[in-house]
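Asks: any chance you could fold what I've pasted below:
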Amino acid sequence: MKKVAVIGAGFGGLALAIRLQSAGIQTTVIEARDKPGGRAYYWERDGFTFDAGPTVVTDPPCLKELWALSGHDISEDVELVPVKPFYRLNWADGTNFDYTNDEAVLNAEIAKLSPRDVAGYAEFLKFSAGVFEEGYVKLGSVPFLDFASMIKSAPPLIRYQAWRSVYSIVSSYIENEKLREAFSFHSLLVGGNPMTASAMYALIHKLEKDGGVWWAKGGTNKLIGGMVKHFERLGGTVRMGDPVVHIHSLGDRVTAVETKSGWRESVDAVASNGDIVHSYADLMPDNGHAQRRAKSLKKKKFSPSLFVVHFGVEGTWPGIAHHMILFGPRYKGLLDDIYKHGVLPEDFSIYLHHPSVTDPSMAPPGMSTFYALVPVANMGKLPIDWDEVGPQFEKRVLDEVGRRLIPDIHSRIVTKFSYTPKDFSIDLSAHQGSAFSLEPLLTQSAYFRAHNRDDAIKNFYLVGAGTHPGAGIPGVVGSAKATAGLMIEDLLGA
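Replies: Model prediction:
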């Protein structure tokens, strides 16, 4: 059998490994940390379960397909439950907006803010459906290895004005500013600035409308755990807590992987689900092409990082939705501070995750699990000491959640901890502490993103957020499908 090593047990790495093992390629997944998941790691503290993220599960069919390849069903290992509303959006003036795919409910929510925008939303939905078909259905799992492939995809990009931003497109259909924010924030879920991310990312709205938003019972970690269980059922091997330190190569081919413990294995191919800069710069130090590639990648624009406060509190909060967006007083100005200026602003917007309202098993009886996530500039733009700033920023974030939703929050907290850009950098070897790898700009999409198969090292592949199509669960699972297609053809001629 052909033997392959996949570096990293995140969503992308596990999805790729399942596809390869299903095709009869002996696959070993090598994970640096003590648990699988990558960005979907988790912690258990004082009876609470805290998912690191991502927590918004969309397009279940892309996950179900991983089991169906071998005649299995995802329900053997994972229970997915629907989340409604998808998100509750809240502004500082007390306005709430429940975001759902129930058309009547959504239109009523729009009409509460601006009746004249109901018709405009209908037109925006048509646009979103068009870019979903072209950008996700047709191209979401197709590798872009040469510029010719990019040229072939140009007509729909031109037709849907891909050079315009998501916010610009939304604004052309919708007049109310709150609704413009409501229908443009989605690109932030994959690391993109709504003011600069390509209009193609408007497809996320259609993706959610058709497929819904879901929760894996027990946490996102249970979805990861289910993927590991299925992979091992197929005969795959997972090595935990033993980081890869060297990808050996000879000429234009990789030959073996070596880990910190000294374990070394000769392989027919290597795929990395690790950070793209780390994969080239640190894991292939003696390969000239890899070092040149790393230097080139470092010149690209990387997405922001995140500051996440995990906290468990006394009491249950049925009035606080599973997913909430607490918008700050600014939108464009705040985004400029994060993406352009690299400052830590006084105000911020918060993504609040409250899984125990859907799944009480995430917290002890009578208590609730939360995290409050705030986008912040990456460490390349904002080189501050997070050990010093973190505790102050944590208090400010919790103060705001208290002001908006839980007045006596500090006295109710049972346990808490924060995860900073520094942690992304250390735990995940993320370049600049970025939470989403390359920023999703038109000039860093498809062919202009890191390729699913390296151009010069013919048996070295990439999977995950840094390659096509990008971040988010559907994105990295789509990248796994694209990369698996190349690897299976290259290794088996199939």
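Asks: so L373 sits against Y351, correct?
Replies: Yes. Using C-beta atoms under 8 Å, L373 is in contact with Y351, at 4.3 Å. The way it works is simple: take the backbone N, C-alpha and C, and place the C-beta from them, glycine included.
Asks: checking V245 next. Helix, strand or coil?
Replies: Here V245 is recorded as strand under DSSP: H, G, I helix; E, B strand; the rest coil.
Asks: state the pLDDT value of it.
Replies: Here the pLDDT value assigned to V245 is 98.
Asks: which stretches in the stretch 201-350 of the chain count as strands?
Replies: 213-216, 237-239, 244-250, 253-259, 264-266, 269-272, 305-314, 323-326, 350-353 (DSSP state E, counting those that start in this stretch).
Asks: most tightly packed of those?
Replies: strand 269-272 (a mean of 29; mean count of other C-beta atoms under 10 Å).
Asks: can you tell me the strand partners of that one and which way each runs?
Replies: strand 3-7 (parallel), strand 460-462 (parallel) (DSSP bridges).
Asks: same list (those strands) but as JSON lines, adding mean neighbour count and distance to S429.
Replies: As requested, the strands paired with strand 269-272 are exported to JSON lines (neighbours: other C-beta atoms under 10 Å; distance: least, C-beta to C-beta, whole Å):
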{"stretch": "strand 3-7", "mean neighbour count": "25", "distance to S429": "10"}
{"stretch": "strand 460-462", "mean neighbour count": "27", "distance to S429": "14"}
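Asks: name the element I151 belongs to?
Replies: helix 147-152 (DSSP states H and E).
Asks: give me the residues contacting the next helix or strand after that helix.
Replies: Following helix 147-152 in sequence order, the next helix or strand is helix 154-159 (DSSP H and E). Contacts of helix 154-159 with the rest of the structure, by C-beta atoms under 8 Å, 6 or more residues apart in numbering, involve G130, V131, E134, G135, K138, M200, L442.
Asks: kindly report the same for stretch 66-85.
Replies: Applying C-beta under 8 Å, 6+ apart, the set of residues contacting stretch 66-85 is 15, 18-19, 22, 57, 60, 63-64, 98-100, 102, 105, 212-218, 222-223, 225-227, 229-230, 233-234, 321-323, 358-359, 477.
Asks: can you give me the end-to-end distance of stretch 373-381?
Replies: One end of stretch 373-381 sits 19 Å from the other (C-alpha to C-alpha, to the nearest Å).
Asks: distance from it to the middle of the chain?
Replies: Here stretch 373-381 is found 15 Å from its chain centre; the criterion is C-alpha atoms, centre = their mean, to the nearest Å.
Asks: and it, which residues are buried?
Replies: L373, V374, P375, V376, A377, N378, M379, G380, K381 (16 or more other C-beta atoms under 10 Å).
Asks: just flag the most distant two among the residues you listed.
Replies: L373 and G380 (20.0 Å; C-beta to C-beta).
Asks: can you pull out the helices in the stretch 101-250 of the chain?
Replies: Applying DSSP state H, counting those that start in this stretch to the stretch 101-250 of the chain gives helices spanning 103-113, 117-131, 147-152, 154-159, 166-173, 177-182, 203-211, 220-233.
Asks: which helices and strands sit right next to the third one?
Replies: Translated: helix 147-152. Contacts defined by 3 or more C-beta pairs under 8 Å, 6 or more residues apart in numbering; DSSP states H and E place helix 147-152 against no helix or strand at all.
Asks: residues making contact with that helix?
Replies: V142, P143, F144, A446, Y447, F448.
Asks: what's the mean pLDDT across the helix holding I151?
Replies: Here the average pLDDT along helix 147-152 is 83.
Asks: what number of residues lie near L486?
Replies: 17 (other C-beta atoms under 10 Å).
Asks: can you confirm it is in a helix?
Replies: Yes. Using three-state DSSP, the assignment for L486 is a helix.
Asks: pretty sure it sits against D454.
Replies: No. Look at L486 against D454 with C-beta under 8 Å: they stay out of range, at 10.5 Å.
Asks: which of the contacts of helix 154-159 are buried?
Replies: G130, V131, E134, G135, M200, L442.
Asks: redo those as JSON lines? Include distance to N459 and pLDDT.
Replies: As requested, the buried ones among the contacts of helix 154-159 are exported to JSON lines (distance: C-beta to C-beta, whole Å; pLDDT from 0 to 100):
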{"residue": "G130", "distance to N459": "38", "pLDDT": "94"}
{"residue": "V131", "distance to N459": "34", "pLDDT": "91"}
{"residue": "E134", "distance to N459": "32", "pLDDT": "89"}
{"residue": "G135", "distance to N459": "29", "pLDDT": "88"}
{"residue": "M200", "distance to N459": "31", "pLDDT": "91"}
{"residue": "L442", "distance to N459": "30", "pLDDT": "89"}
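Asks: would you agree I25 is in contact with V4?
Replies: Yes. Between I25 and V4 there is a contact under C-beta under 8 Å: 5.4 Å.
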